[in-house]
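J.: have a look at this prediction, sequence included:
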Amino acid sequence: MRTDARTTELAAKPARLREVLSTRLREYDTLPPAEREARLRATELRYYLNPLLTTLPSTRATQLSAVPESLRPLVEERLAAWDKLPAEIQREILTNERLLQAMTRPAVPNAFPPLPPGMEAKVPDNLTQWQEFDARQREQLLDNFTHYFRLDERAKTRVVAALPEPKRAETARTLEQFEHLTAGERAACITALKQIGQMTPGQQAQFYANAKQWKEMPESERAAWRKVVIEFPPLPPGAGPLPPLPPGLPAKP
């Protein structure tokens, strides 16, 4: 956005929001234009969304009417997802600034994926083993994984029973962890594993460092991150604001 257009647009914002956006603009001036605009939209979305998180759905009408029409669908969409969260997850998010930012993170190119549930207990062992497979082997394993969860219980039992004894118990434990996930959560895991397989050595090193931080996090916070990543995914480029993945995984808006 050109300087004169930026000044005009800022002048139309409420004073408090104008001050926040001006500060962000100074911080983001070194970023590529598209990323800068996405992060500024995220900042504006947070300005309108966060105060509504502690209100009852029946009392939001007045505050929602003050949200610009271009942002209102995003705010309403995020509020609908927020209202479905368990109370304990809501409390965890409200006391954690990074989780609040995660609900409105912009889509950032090359952001690290969230750590798949069940993998954190053996990081980096599981990820190192995954990296040892070539692209064809990884694709085949993911296809087999997807197919397994489409089977009925008897067929699943036969599949596990057919595995070699040394791997049977460990595989059964891993599959049991994934049984507790929803179809959407399992799909997110598959996406994450595909991204991990495509990382450069430098990205892998950063991911392992982030995974260590994730492993040391209290379970209540990990549970909140999983919910945020699934329920508040990044918005498409140009559509507005979005959320961070588990600590350090994506760039901070």
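T.: The structure has been received and is ready for your questions. Because the structure is predicted, anything quoted here is derived from the model rather than measured.
J.: where in the protein is pLDDT low?
T.: For the chain, the stretches with pLDDT under 70 are 1-6, 28, 107-132, 201-202, 204-206, 208, 235-253.
J.: how does it divide into domains?
T.: Domain ranges of the chain: 3-110, 120-217, per automatic domain parsing.
J.: how about the ones you listed in a markdown table, adding distance to Ile230?
T.: From N, CA and C alone the C-beta is placed, and that goes for glycine too. As requested, these are exported to a markdown table (distance: least, CB to CB, whole Å):
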| stretch | distance to Ile230 |
| --- | --- |
| domain 3-110 | 9 |
| domain 120-217 | 6 |
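J.: so which of these gets nearest Pro234?
T.: Across the domains of the chain, Pro234 has its closest neighbour in domain 3-110 (4.0 Å, CB to CB).
J.: looking at the domains of the chain, which is closest to Ala223?
T.: domain 3-110 (6.6 Å).
J.: element containing the residue nearest to Tyr47 when sequence neighbours are not counted?
T.: In space, and not counting its chain neighbours, Tyr47 is closest to Leu17: 5.0 Å by CB to CB, 6 or more residues apart in numbering. Taking DSSP states H and E as the definition, Leu17 sits inside helix 15-28.
J.: and Pro14, its phi and psi?
T.: phi -60, psi 150 (degrees, to the nearest 10).
J.: from now on call the first residue 184
T.: Sounds good: first residue 184 from here, last item Pro197.
J.: I'd say the residue nearest to Tyr230 and Glu227 touch.
T.: Yes. Leu200 lies in contact with Glu227 (CB atoms under 8 Å); the separation is 6.8 Å.
J.: between the two, which is the more surrounded one?
T.: Set Leu200 next to Glu227 and count neighbours by other CB atoms under 10 Å: Glu227 wins out with 23 against 14.
J.: how about that one, what does it touch?
T.: Taking CB atoms under 8 Å, 6 or more residues apart in numbering, we find Glu227 in contact with Lys196, Leu200, Leu204, Leu254, Pro424.
J.: same question for Ala344.
T.: Counting by CB under 8 Å, 6+ apart, Ala344 touches Arg351.
J.: for Leu325, same thing?
T.: Ile373, Leu376, Lys377 are the contacts of Leu325 under CB under 8 Å, 6+ apart.
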